[in-house]
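Participant: Build me a model from this:
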Amino acid sequence: MEPTTNQKSQPNLGPEKRKLNRDCPGVLIPAGTPVMLPKDTEIVITQALGGSYTVNVFGNLVRINHQDADALGEEVVLHNAIELKPGEKLTKEHVLEQLSTCYDPEIPVNIVDLGLIYECDVNEIKENEYHINIKMTLTAPGCGIGPFLIDEIEHKTRALPGVSDVKVELVFDPPWSQDMMSEAAKLQLGLI
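Facilitator: Below you'll find the predicted structure:
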């Protein structure tokens, strides 16, 4: 299964200072408080993965969604769903592949490799129509970004072929720990 060309993650852009070219909505990290950044605000992009951006604004981290990339001087890239071959059924592996395009705004690792997805059930309710049930957690129970991650997960999962319903449940039992991360994520973060 090959990802579409516009599904690939964007590279980390480094510490280049920029000014916003229009007013831009965002969300304070980790509080989850919505903010409106005015045009000409100086920002530094600290992470650009999965279509969303994390920017530093006067020492605060703010998450910017993909549809507002133009305010940062970046191209708005749509993240399409994976495509199924003719006759192929949607599977848990397909959903997890799609969810691997969702990133924690503070950690440059996707939510699947971070171990945030506890369960992912794909239920075919009729021919090629699916309901998806996901149980997930956060790296910290008080993280205000949770609702925004859930929205992104629902949006990207609904983009999969045949998905008519998505339910995402946020759970904290068992509590997340670094042990839940994949070996690749641990290696990427220098933990092994």
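
Participant: Give me the contacts around the host helix or strand of residue 167.
Facilitator: Taking DSSP states H and E as the definition, one finds residue 167 inside strand 163-170. Here strand 163-170 makes contact (CB atoms under 8 Å, 6 or more residues apart in numbering) with 90, 125, 129-138, 146, 150, 153-154, 157-158. Every C-beta, even on glycine, is put in place using the N, C-alpha and C of the backbone.

Participant: these two touch, right, residue 50 and residue 99?
Facilitator: No. Between residue 50 and residue 99 there is no contact under CB atoms under 8 Å: 9.7 Å.

Participant: Quick one, which of the contacts of strand 163-170 are buried?
Facilitator: Neighbour counting with 16 or more other CB atoms under 10 Å marks 90, 130, 132, 134, 136-138, 146, 150, 153-154, 157 as buried within those.

Participant: Show me those that map onto strands.
Facilitator: Among those, DSSP state E puts 130, 132, 134, 136 in strands.

Participant: tell me which of the residues you listed is nearest to residue 175?
Facilitator: Comparing those against residue 175 with CB to CB picks out residue 136 as the nearest, at 13.0 Å.

Participant: For residue 116, see how far away the residue nearest the centre of the chain is.
Facilitator: Nearest to the centroid of the C-alpha atoms of the chain, with distances taken as CA atoms, centre = their mean, sits residue 102, at 2.2 Å. If you measure residue 102 against residue 116 using CB to CB, to the nearest Å, the figure is 9 Å.

Participant: before we move on, what about residue 44?
Facilitator: Applying CB to CB, the value for residue 44 to residue 116 is 26 Å.

Participant: same thing with residue 61?
Facilitator: Taking CB to CB as the criterion, residue 61 is separated from residue 116 by 18 Å.

Participant: Isn't the residue nearest to the centre of the chain up against residue 114?
Facilitator: No. Residue 102 is not in contact with residue 114 according to CB under 8 Å; the separation is 9.7 Å.

Participant: Pass me the low-pLDDT residue ranges in this structure, would you?
Facilitator: 1-15, 79-80 (pLDDT under 70).

Participant: Report the residue ranges of every domain in it.
Facilitator: 5-72, 92-188 (automatic domain parsing).

Participant: Residue 81 is nearest to which of those domains?
Facilitator: Of the domains of the chain, the one closest to residue 81 (CB to CB) turns out to be domain 92-188, at 3.9 Å.

Participant: ends of that closest one, how far apart?
Facilitator: In domain 92-188, first residue to last residue: 25 Å (CA to CA, to the nearest Å).

Participant: Stretch 86-100 now?
Facilitator: Distance across stretch 86-100, first residue to last, is 23 Å (CA to CA).
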